[in-house]
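S.K.: Sequence and predicted structure, then a few things I'm wondering about:
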Amino acid sequence: MKPLLLLLIVFVLALLIMKVAAAAVDIAFAARIAMAAMLLFTALGHFLFTKGMSMMLPPGIPYRTAIIYLTGVFEITAALGLLVPAVRMPVGVALIVFFILLLPANIYAAALHLDYEKGTYTGKGLGYLWFRVPMQLLFIAWVYLSAVRF
């Protein structure tokens, strides 16, 4: 929920600032700024909640902690890449693939009732997926429409 709220708030703020400062509004650029802000926010979780996030991966996957750190670095890099016109499109494609690959980890975590912030199994459970899956699809569409298609 927090990433979605941040995405929407930054999007609206970027549009307002563009309107006031430049009188021209670039919706796709505002959307990329918002996605970049959201990615920086979610990347922070990879470093603050590493233990809980590594629990989102099945125990048979080696180097789970390293994967969490690497995906955090990827999110930071992608956030910056969305704002660089020369690499915006390939970064957008990579983000779409990344969001698709995250879905199984989110399903696994929900099935275990994982609360990644606490690193416990007292989370919301499978009901969380009714929100998470549509949100993941929104993120994919958001990146496609603001970074890949343009």
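M.R.: Structure's in. What do you need?
S.K.: Buried residues in stretch 57-66, which are they?
M.R.: 57, 64 (16 or more other CB atoms under 10 Å). (Glycine included, C-beta is placed from N, CA and C.)
S.K.: From the chain's centroid, how far away is that stretch?
M.R.: Taking the mean of its C-alpha atoms, stretch 57-66 sits 20 Å from the chain's own mean (CA atoms, centre = their mean, to the nearest Å).
S.K.: tell me the average confidence for it?
M.R.: The average pLDDT within stretch 57-66 is 94.
S.K.: Kindly report the same for stretch 135-150.
M.R.: 94.
S.K.: Could you say which helix or strand holds the spatially most central residue of the chain?
M.R.: Against the mean C-alpha coordinate of the chain, by CA atoms, centre = their mean, the closest residue is Leu39 at 4.8 Å. In the assignment (DSSP states H and E), Leu39 maps to helix 27-48.
S.K.: Which strands and helices lie in contact with that helix?
M.R.: Here helix 27-48 touches helix 2-22, helix 64-81, helix 88-111, helix 129-143, going by 3 or more CB pairs under 8 Å, 6 or more residues apart in numbering; DSSP states H and E.
S.K.: could those be laid out in a markdown table, adding distance to Glu117?
M.R.: Below are the helices and strands packed on helix 27-48 laid out as a markdown table (distance: least, CB to CB, whole Å):
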| stretch | distance to Glu117 |
| --- | --- |
| helix 2-22 | 10 |
| helix 64-81 | 13 |
| helix 88-111 | 11 |
| helix 129-143 | 15 |
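S.K.: Out of these, flag the one nearest Ala28.
M.R.: Of all those, it is helix 88-111 that lies closest to Ala28, at 9.4 Å by CB to CB.
S.K.: just to revisit the earlier point, was I right to think the residue nearest to the centre of the chain contacts Thr77?
M.R.: No: using CB atoms under 8 Å, Leu39 makes no contact with Thr77, being 9.1 Å away.
S.K.: Can you tell me how far the residue of the chain positioned farthest from its centre is from Arg64?
M.R.: In the chain, Ala23 marks the outermost C-alpha relative to the chain mean, sitting 29.6 Å out by CA atoms, centre = their mean. Distance, Ala23 to Arg64, by CB to CB, to the nearest Å: 49 Å.
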